[in-house]
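K.L.:
The sequence isn't on hand, but the structure is:
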C-alpha cells in the first residue's frame, strides 16, 4: 500500500496544478479584449461575481462572433449552431443571449427565396438557370434578354407586362429561359409557378379523384407569374382545354397576371393542335379562344438556333 504521506503529496501537487490551470484559464478569459472591455464598464462586479460566471465568459470567449471563425453554416463552431452569442451584464449577473448569425440568416433567406419558385416536373438544371449564363449569340436571344430585363423591372414596380410565348425546335433552350426569368424574379420576392404541361395535364386529371382540382386551379389562376413549359406536347381533352386551361387563362387575362409559354409550335400550329381533341373531333372556335387569350397575355418570340 502506498504510504499516506506520498499519496497526500501527489494529491496536493495535482490540486496545485489544477489551481494553476484554473488561474491561467481565468486570466485568458478575463483578458480577452472584448470581455475585458465589457467588465470594465461594470465596476460593481467583484472577483467572486466573475468567478461565479466564469463558465459563461469562457463560452463567450471561445465562440465565433458573427461568423468570423466559421467558413459556412455547416462549419459553425458554436454550441448553438447558426447562432452568435451576446454578453449581457445586469448588475452582478452575467448571461449569454444567442441570436441568429449572418450565415444562418443568409441560409433562411435563400430557403425563403427558393420557396418562391414552385415547379411541377421541372429538371434541376432549369431551376438553377442564371441570366449570366444565358446564350446571347444571336439577335433573337439578345431580344429575349432585353425582354427579361424589361419584364423584371416592370414586375418590381408592380406594373403589368406581357409575358413571352417562346417557340422553336427542340433543343433551343426555351425551358432554360423560363428558369432564368423565375430566378430573376425571386431576387425581388416575386413568386413563380413553372409547370411542365404534359405532367400538368396528368396532375389535374388525378386531382379529380382526391378533390384538390379546384384548389390547384385557383393556385394557378392567382400566382403572380405562371409559366407553362412545352404547351402542345400534351394529349389534350376538351375538358382540360376549356375547363382548366381556358379558365386559368381567362382569369389571368382579366386580372392582368402575366404568363409565359414555351412550345415547339408557333401559334397557328398550336391552334390546330388545340382544335383536335383526343377523340379526333375538331373544335376550331374553342381553340381560337385559347389562342386569343395567349396573345393577350404574351408576346411571341421564335428561337431558331440550337442552344449552345
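P.N.:
In hand now; what should we look at? Bear in mind the structure is a predicted one, so any value in this text is a computation, not a measurement. Residues are numbered from 1 along each chain as shown.
K.L.:
For the stretch 1-150 of the chain, give me the ranges with low pLDDT.
P.N.:
Scanning the stretch 1-150 of the chain for pLDDT under 70 picks out 1-15, 108-117, 119-121.
K.L.:
Can you show me the helices along it?
P.N.:
Assigned by DSSP state H, counting those that start in this stretch, the helices in the stretch 1-150 of the chain fall at 4-30, 33-40, 47-52, 54-62, 102-114, 124-127, 139-156.
K.L.:
any chance of those helices in TSV, plus mean neighbour count and distance to residue 195?
P.N.:
All C-beta spots, glycine's among them, are computed from the backbone N, C-alpha and C. Formatted as TSV, the helices of the stretch 1-150 of the chain follow (neighbours: other CB atoms under 10 Å; distance: least, CB to CB, whole Å):
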stretch	mean neighbour count	distance to residue 195
helix 4-30	11	58
helix 33-40	13	53
helix 47-52	13	62
helix 54-62	17	50
helix 102-114	14	17
helix 124-127	13	12
helix 139-156	16	18
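K.L.:
Nearest to residue 72 among those helices would be which one?
P.N.:
Proximity to residue 72 (CB to CB) singles out helix 102-114 among these, at 6.2 Å.
K.L.:
Can you give me the distance of residue 104 to residue 65?
P.N.:
As judged by CB to CB, to the nearest Å, residue 104 and residue 65 stand 13 Å apart.
K.L.:
er, residue 269 actually
P.N.:
Distance from residue 269 to residue 65, by CB to CB: 62 Å.
K.L.:
how many neighbours does residue 183 have?
P.N.:
20 (other CB atoms under 10 Å).
K.L.:
Of all the helices of the stretch 1-150 of the chain, which one is nearest residue 207?
P.N.:
Of the helices of the stretch 1-150 of the chain, nearest to residue 207 by CB to CB is helix 124-127, at 22.8 Å.
K.L.:
Could you save the helices of the stretch 1-150 of the chain as CSV and add columns showing distance to residue 190?
P.N.:
Listed next are the helices of the stretch 1-150 of the chain as CSV, based on distance: least, CB to CB, whole Å:
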stretch, distance to residue 190
helix 4-30, 49
helix 33-40, 42
helix 47-52, 53
helix 54-62, 41
helix 102-114, 10
helix 124-127, 16
helix 139-156, 5
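K.L.:
and the end-to-end length of stretch 161-170?
P.N.:
27 Å (CA to CA, to the nearest Å).
K.L.:
If we go by neighbour counts, what in it is buried?
P.N.:
Across stretch 161-170, burial judged by 16 or more other CB atoms under 10 Å covers 162-168.
K.L.:
Between which two of those is the distance greatest?
P.N.:
162 and 168 (18.5 Å).
K.L.:
And the buried residues of stretch 161-170, which is the shakiest by pLDDT?
P.N.:
Note: of those, the lowest pLDDT belongs to residue 168, at 91.
K.L.:
and that residue, backbone torsions?
P.N.:
Dihedral pair for residue 168: phi 160, psi 180, per degrees, to the nearest 10.
K.L.:
ok, now residue 233?
P.N.:
phi -80, psi -10.
K.L.:
what would the buried residues of stretch 161-170 look like in TSV with distance to residue 122 and secondary structure?
P.N.:
As requested, the buried residues of stretch 161-170 are exported to TSV (distance: CB to CB, whole Å; DSSP: H, G, I helix; E, B strand; the rest coil):
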residue	distance to residue 122	secondary structure
162	22	coil
163	17	strand
164	17	strand
165	18	strand
166	15	strand
167	18	strand
168	19	strand
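K.L.:
so what pLDDT did residue 303 get?
P.N.:
Residue 303 is given a pLDDT of 88.
K.L.:
Give me the neighbour count for it.
P.N.:
Number of residues near residue 303 (other CB under 10 Å) recorded here: 21.
K.L.:
Verify the stated contact: it with residue 139.
P.N.:
No: between residue 303 and residue 139 there is no contact under CB atoms under 8 Å: 10.9 Å.
K.L.:
Might you report the residue contacts of residue 271?
P.N.:
Residues in contact with residue 271 (CB atoms under 8 Å, 6 or more residues apart in numbering) are 284, 287-288, 290-291.
K.L.:
can we see that at 7 Å?
P.N.:
Residues in contact with residue 271 (CB atoms under 7 Å, 6 or more residues apart in numbering) are 287-288, 291.
K.L.:
Next one: it relative to residue 147, how far apart?
P.N.:
Distance, residue 271 to residue 147, using CB to CB: 23 Å.
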